[in-house]
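Chemist: Any chance you can model this:
(4 chains, ligands or ions: 4)
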Amino acid sequence: MIDVLIVGGGGAGLRAAIAVAETDPSLRVAVVSKVYPMRSHTVSAEGGAAAVIGAGDTLDEHCYDTISGGDWLCDQDAVEAFVSEAPKELIQLEHWGCPWSRESDGRVAVRPFGGMKKMRTWYAADKTGFHLLHTLFQTTLKYQDIIRYDEWYVTKLVVDDGRVHGVVAVEIRTGRVETIPARTVVLATGGCGKVFPFTTNAAIKTGDGMALAYREGAPLKDMEFVQYHPTGLPFTGILITEAARAEGGWLINKDGYRYLQDYDLGSPTPTPKLRSMELGPRDRLSQAFVHEQEKGRTVDTPYGPVVYLDLRHLGESKIDARIPFVRELCRSYQNLDPATDLIPVRPVAHYMMGGVHTDIDGATPIAGLFAAGETACVSINGANRLGSNSLPEILVFGRRAGIAAAAFARSHAGQAEASAVRAQGADERRRLERVRGGGGHGERIADLRERMQHTLEGAAGIYRAGDVLTKAVDTLADLGERAQEARVDDSSTAFNTELISLQELHAMLEIARTVVACALNRQESRGAHQRTDFTARDDETYLAHSLVHRAPDGSPSVGLLPVTITRWPPGERVYGRD
Amino acid sequence: MTDTTEAVRRASTRTIRVEVSRYRPGEDAEPVFQEYEVPLMADWAVLDGLNYIKDRLDGSLSFRWSCRMGVCGSCGMNVNGEPRLTCGTFLSEYGEGPVRIEPLKGFPVIRDLVVDIDDFLAKLSSVRPWLIREGEEPPLTAEYAQTPEQLEAYKQYSMCINCLLCYSACPVYVLDPDFLGPAAIALAQRYNLDSRDMGDRFDVLNLEDSVWGCTFVGECTSACPKHVDPAEAIQRYKLTAALRSVLPWSRR
Amino acid sequence: MRRTPEPYLWLLFSGGGVVAALLLPVLVLLFGVLMPLGVVDWPAAEHLRALLDSPPVRVALVVVVVLCLFHAAHRVRHTSEELFGIARFDVVIALLCYGGAVAGGVVAAVLMV
Amino acid sequence: MKTRDEVTPGGYRPRRDAFWFARSRAYTVFVLRELTSVFVAWTVVFLLLLVDAVLGGSLPEFAALAARPWMIALNVLALAATCFHAITFLNLAPRATVVRLDGYRLPAWLIQGGNHSLWLAVSAVVAFFVLRGFQ
Ligand SMILES: Cc1cc2nc3c(=O)[nH]c(=O)nc-3n(C[C@H](O)[C@H](O)[C@H](O)COP(=O)(O)OP(=O)(O)OC[C@H]3O[C@@H](n4cnc5c(N)ncnc54)[C@H](O)[C@@H]3O)c2cc1C
Ligand code: SF4
Ligand code: F3S
Ligand code: FES
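Modeler: Numbers count the residues shown, from 1 in each chain, chains lettered A, B, ... in the order given. Ligands and ions are numbered 1, 2, ... in the order given. Model prediction:
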C-alpha cells in the first residue's frame, strides 16, 4: 500500500515527492509518470522563476503585480502564501545545486519580466525549466525509497464513497493494467495545451489529471482562462521566451513600427521599462496582435499572420550570454540568426490558468485527492498568469500538496483495501483490453483530434463570441461520442502508443468541453477571456471563479464561486502609464 | 507540428521514402524495415514525418517524443546510420531520400523505435548526481555564493538532456553495456566541478568500467546535440584520478 | 574500494604518447628514411657512439623505450579487444601486451649497461 | 529514488557488429589512430637495433639493412604513422588538461599550438645533435 502516490514527474510532482520523503521517511511514496520524469514538460520552460529577493522589492509588490496581472480573479490568500514561500523554494533549489545565473559577486541574478514592477525573475540563462527539472530529478535520486513507475500511464482514479483509494495505470512497456492502491493521490500532471492546434506545449500535455479528477466528481475551476503567449514561432509553435523582450527585444509590425504603443501599453523607450510596452502582460500583448491583424499590419506567411520580434540591436554577445537557447532554436527551427534577422512570431496557446479546484494546500473536494502545478487551480493566476510565476508555483504548491498528503496518509493509516476498489480496477482493465483488442473501426484518432483542436481554436481563442461557443458545445459533444468508436490499428501489448493516444484524446475532449462551457457562461471580458459580445469586465456578477462539474450525462455544468479578496480591492489594470 | 492536414493540403506533390525499422516482441524474431512515402515538406523534421506515418498511414508505429524543441531528450533515433534527435533533424537534409530510421544502437529494442534505457537511469543514479554537502543544512534565507566564473567551470556539463545519442555513438558502450558511459560521467563531473559540491565520486569513477573503459574515441562529443563534450569530461577525470592515485594526498 | 591498476597504466600510456609524439617522427625520418635513401649521409659511427656514451642519454633512452612500448601495449590491448570483441580475455591480452613492453625495456636496459 | 522492481521482458538485442569500425569515417580514423601504436612499437624496435649496431660496431651492416627497399617502405609507413600519432595526440591533449587562468579557460588552439611548437623544437634539437657529427 502506497501512502502518497504522485501522478506526474514534472516540477510539481518531484517537489511533492521530496517534501514527503523529507517530512516523514517512513511513508511510502511513489511517482507514476507517463514519461521518464526528466522528459516532463517543465523541462522546456525557458525564461525564469519569480521570487522577491533583491533589496528594493517587497512581497506586497509581487502580490500586487500577480493580482492585477490576473485581473483580480486570483485568490489573494493563496497569492500571499505563494509570494512569501517562493523565495525559500528558489533558494532551496539553489541549495540542491540548480545552476542559477549569477551576478559577478556570486549572488543570484534577476531579470525583468512581463507585468512585473520589479526585477525579480531568477533565471538559468534561458533554460530555467530544464535546469530546475534536472536538479529536482537528480536530487530525488538521493531518496532511495521513493518508488518510480516510469512510463506508466494512469487511466483512472479509484474513488469510492468520496474518498480516493489509488489509481489504475497501464505499464506502457508491457501493456499490463494494474491497480495501484494508495492512501492519497497527488495529481501533478501538468497542463492541457494540446487541446489547441497551435501550442507551445509538448505532446504529453493533454490534461489527463484534470480529466481524471473531473470524471470522479471533482470540479474544475476557471477553465475558460487560457493563456496565449505573444511570441511563438510559426509552424512549430516553439516558444521564444519573454526573456527575449525582458532583455530588450521589440515587437514590430510589418512597417517596423512598435505597435504596442497603440494599445494603452505605454510609449516606446530604447531600453525596456518595467510593466510597459513589450513588458506588458501576455493577455494584452496577444490581444494587440489580433487588432494589428485586423488592421492589415501583420505579415502573411504559409503558417498564418506574423509580426516580428527584433533582437538585432541587442548584439551577439548579449544574446549569447542571456538568451543563447533563443538563438539555438531560431537557427535550427527557423533557419535564421536573431543577431542579424527578425524573428517571425505569432500568439500561441501556452498555459492553462484553470485546473482542478483545490484549496491552498492542494486538497480537492475528494478526500485524499490533492493536486498541484499547472493541472491544479489554487488559484494564484486568476484570469491571466504572469510569466515566471508558474515555476515557483509548482514548487510552492507541489511542496504544500506533498506535506498535506503526507499528513492525510498518516491520519488515515490502517485502512484496508475495499472490494469496490478491486471491482473498479477490474472494470477498467476490461475496458482497456477491449480497446486494445482492435476495438473501434471508426475515424482516425488524429482526425478527431484535429477537429477538436480547430473547434476550440475557433471558439475559445484569443477572442470569443457566444454564438460560436454555443455551436462548439454541440460539435465537441458529438466528437466525444465519435471518439468512443475511434479506430485503433495497434493491437500489441508492448509499447502501444496508440492506445495511450486514444486515452489522451478522451481526456482532451473532456477538458475542451469544460473550456467552452465556462467561456460561454462568463458573459464579460476579463484577462485572457475576451468576449466580443460582452466587452467589459463585470465585477458585479463575475468577480467569481467558474466551477464546472461533470453532469451524469457527461456534459459540463458551470457554477460560480466567490473570489477571496484580502487586501487588494479590484481596480483598473494599468500598464505603461504611471 | 501544428496541423498535418492543413500543411499537407498546401504541400507540393514531392514525397520522400522513409524506411522504418519495425519490431514487435513476440511477433517478429528480429526487426524488419517497412517503407512509407511521406510528403517532403521544407519545414518538416524527421519526427514530423514519423508523426505523419502514425497519424495518417499506420497507427501502430511506436516511438517516443514530447517537446519537439530539442530539450526533453526523448526522440533520439538512428537516422541514416547516425544518432540524431529526430525533432531537430530535417527531412530535407536527405535530399531525394530514402531516409532510414532505426532505434538507437546499443540498447535493447522494446518495440519499433523505442529502446530500453532503464540501465542508463541506474547508471545515472550510481554517480550520485546531486549536490553533496557536509555539515548542517543552512537556513533557506541565503544562497551559496557562486561567481559567474565558478558557474562557467561546470555549466557545459550541466546541459545534458539525457538523450543518449552519445551512448549510441560510443563503440565501447555498444560492445560493452557495463561501461558507465559518457553522459553519466559528464554528469558526475558536472557536480565534481561545482564549487558548492563537497562530494567525491572517485569510488564510482575510478573503475575499469568507468572512466578507464573509455578509449577516447571522441564520437560521443561529435554526436552530442547540446555540446556537453562528454569526451572531455572523461579525459579530465582520467587525469584527476591518475594524479590522485599517485599523489594520495591530492584530492581533486 | 576496489583498487585498479588503470590510473598507473594510463599515466605510463600518456607519458609514452607524449614522448613518442615528440621524438619518434624525427628519428624515423632521419634513420629510417633520409639516411637509407641517401638524402643525408649517415653520421660517423664514433659520433653516434659518443652520443650514446653519455650517461644521461643512456638513461633517457631506456626511459623512452619503456614509455613508448607501454604506450603501444596499452593501445594494442584496448584496440584489439574492441576490434575483435575479445574483452573477456582481457587478463591474458594485458599480460601479453604489457609483458612485451617490459621485455623491450629489459632488452634496452641490458644494451645500455 | 529507484525504479519499481519488476522483471520486464528483455527486448531485442542486436548481435555484435563485427565491422563496426567500417561503419563511419570517424570510427575508421579512430581505429587507424589506435593502430599507429603498432608502428610506434616497431620504431622503438628499429631504434634498438640501431643502438645495438652502434654499440656493437656493426653500423654499416645496419645501414645496409635499412636501405633495403622493403625496409624503407616500412619506415615510410612508420613515419606517416608516428606523425599521425603526434598530431592526434598533441591535439587531444587539451581535452584532458583544461587550464584556467583567472577563471577563464585557455583556448584549445593555444595549448595545441604550444604542443606543436614544442614538437618542432624537440625535433630540431634531436636532429641537431644527431647530425652535428658530420660536417
Ligand atoms: C515552452 C514553455 C515555456 C515556459 N516557460 C516558463 C517560464 O519561463 N517561467 C514559468 O514560470 N513558467 C513557464 N512555463 C510554464 C511552466 O513550465 C509549466 O506550467 C510547469 O512546468 C508545469 O509543471 P507541472 O509539474 O505542473 O507539469 P509537467 O512538467 O507538465 O509534468 C506533468 C507530469 O505529469 C505526467 N503525467 C501526465 N499525465 C499523466 C498520466 N495520465 N499518467 C501518468 N503520468 C502523467 C507527465 O509524465 C509529467 O511527468 C512554460 C511553459 C512552456 C510550455
Ligand atoms: S551528453 Fe550529449 S549526447 Fe549524451 S545524453 Fe547528454 S546531451 Fe545527449
Ligand atoms: S565515444 Fe566512447 S570511448 Fe570515450 S570518448 Fe566517448 S566515451
Ligand atoms: S522531442 Fe524532445 S528532444 Fe526531440
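Chemist: in stretch D:52-63, what counts as buried?
Modeler: Within stretch D:52-63, the residues that qualify as buried by neighbour count (16 or more other C-beta atoms under 10 Å in any protein chain shown) are D:53, D:54, D:55, D:59, D:62, D:63. The way it works is simple: take the backbone N, C-alpha and C, and place the C-beta from them, glycine included.
Chemist: Could you find the closest non-adjacent residue to the residue minimising distance to the centre of chain D?
Modeler: The C-alpha lying nearest the average C-alpha coordinate of chain D belongs to residue D:85 (C-alpha atoms, centre = their mean; 2.4 Å). Excluding its sequence neighbours, the residue lying closest to residue D:85 (C-beta to C-beta, 6 or more residues apart in numbering or on different chains) is residue D:36, at 3.9 Å.
Chemist: again, but for residue D:126
Modeler: Spatial nearest neighbour of residue D:126, chain neighbours left out: residue C:26 (5.1 Å); criterion: C-beta to C-beta, 6+ apart.
Chemist: can you check residue C:32 too?
Modeler: Taking C-beta to C-beta, 6+ apart as the measure, residue C:32 lies nearest to residue D:75, with 3.1 Å between them; neighbours along the chain are not counted.
Chemist: Of the buried residues of stretch D:52-63, which is the nearest to chain B?
Modeler: Chain B has its nearest neighbour among those in residue D:55, at 34.0 Å by C-beta to the nearest C-beta.
Chemist: Tell me which helix or strand comes right after the one helix or strand the closest one maps to.
Modeler: Assessed by DSSP states H and E, residue D:55 sits inside helix D:25-56. Scanning the chain past helix D:25-56 towards its C-terminal end, the next helix or strand to appear is helix D:59-66 (assignment: DSSP H and E).
Chemist: How about residues contacting that next one?
Modeler: C:31-32, C:35-36, C:42, C:45, C:48, D:49-50, D:53-54, D:71-72, D:75 (C-beta atoms under 8 Å, 6 or more residues apart in numbering or on different chains).
Chemist: between it and helix D:25-56, how big is the angle?
Modeler: Orientation note: helix D:59-66 sits at an angle of 160 degrees relative to helix D:25-56 (axes from the mean of the first three to the mean of the last three C-alpha atoms, to 10 degrees).
Chemist: how distant is helix D:59-66 from the center of its chain?
Modeler: Centroid displacement of helix D:59-66 relative to its chain, using C-alpha atoms, centre = their mean, to the nearest Å, is 26 Å.
Chemist: Which helix or strand contains the residue nearest to the centre of chain D?
Modeler: helix D:69-96.
Chemist: Now do that helix: which elements does it pack against?
Modeler: Taking 3 or more C-beta pairs under 8 Å, 6 or more residues apart in numbering or on different chains; DSSP states H and E as contact, the helices and strands that helix D:69-96 lies on are helix B:230-246, helix C:6-27, helix C:35-37, helix D:25-56, helix D:59-66, helix D:108-131.
Chemist: do that again at 7 Å, thanks
Modeler: When contacts are defined as 3 or more C-beta pairs under 7 Å, 6 or more residues apart in numbering or on different chains; DSSP states H and E, helix D:69-96 packs onto helix B:230-246, helix C:6-27, helix C:35-37, helix D:25-56, helix D:108-131.
Chemist: Could you save those helices as JSON lines and add columns showing mean pLDDT and distance to residue A:452?
Modeler: Listed next are the helices and strands packed on helix D:69-96 as JSON lines, based on pLDDT from 0 to 100; distance: least, C-beta to C-beta, whole Å:
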{"stretch": "helix B:230-246", "mean pLDDT": "93", "distance to residue A:452": "42"}
{"stretch": "helix C:6-27", "mean pLDDT": "95", "distance to residue A:452": "59"}
{"stretch": "helix C:35-37", "mean pLDDT": "94", "distance to residue A:452": "80"}
{"stretch": "helix D:25-56", "mean pLDDT": "94", "distance to residue A:452": "46"}
{"stretch": "helix D:108-131", "mean pLDDT": "91", "distance to residue A:452": "53"}
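Chemist: For those helices, could you give me JSON lines that also reports distance to residue A:193?
Modeler: Conversion of the helices and strands packed on helix D:69-96 to JSON lines gives the following (distance: least, C-beta to C-beta, whole Å):
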{"stretch": "helix B:230-246", "distance to residue A:193": "33"}
{"stretch": "helix C:6-27", "distance to residue A:193": "50"}
{"stretch": "helix C:35-37", "distance to residue A:193": "73"}
{"stretch": "helix D:25-56", "distance to residue A:193": "40"}
{"stretch": "helix D:108-131", "distance to residue A:193": "42"}
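Chemist: what number of residues lie near residue A:541?
Modeler: By the measure other C-beta atoms under 10 Å in any protein chain shown, the count of residues near residue A:541 is 10.
Chemist: That should have said residue A:105, apologies.
Modeler: Residues near residue A:105, counting by other C-beta under 10 Å, number 8.
Chemist: and what of residue A:272?
Modeler: Burial of residue A:272 is recorded as 17 neighbouring residues (other C-beta under 10 Å).
Chemist: In three-state terms, how would it be classified?
Modeler: Going by DSSP: H, G, I helix; E, B strand; the rest coil, the secondary structure assigned to residue A:272 is coil.
Chemist: Could you list which residues are in contact with the residue nearest to residue D:85?
Modeler: For residue D:36, the set of contacting residues under the criterion of C-beta atoms under 7 Å, 6 or more residues apart in numbering or on different chains consists of D:81, D:82, D:84, D:85.
Chemist: Out of these, flag the one nearest to chain B.
Modeler: Of all the contacts of residue D:36, the one with the least separation from chain B (C-beta to the nearest C-beta) is residue D:85, at 13.1 Å.
Chemist: ok, which stretches of the stretch 351-500 of chain A are helices?
Modeler: A:390-411, A:419-436, A:445-460, A:466-484, A:497-521 (DSSP state H, counting those that start in this stretch).
Chemist: Give the buried residues for the first one.
Modeler: For helix A:390-411, a neighbour-count test (16+ other C-beta under 10 Å) marks A:390-406, A:408-410 as buried.
Chemist: I appreciate the help and will end here.
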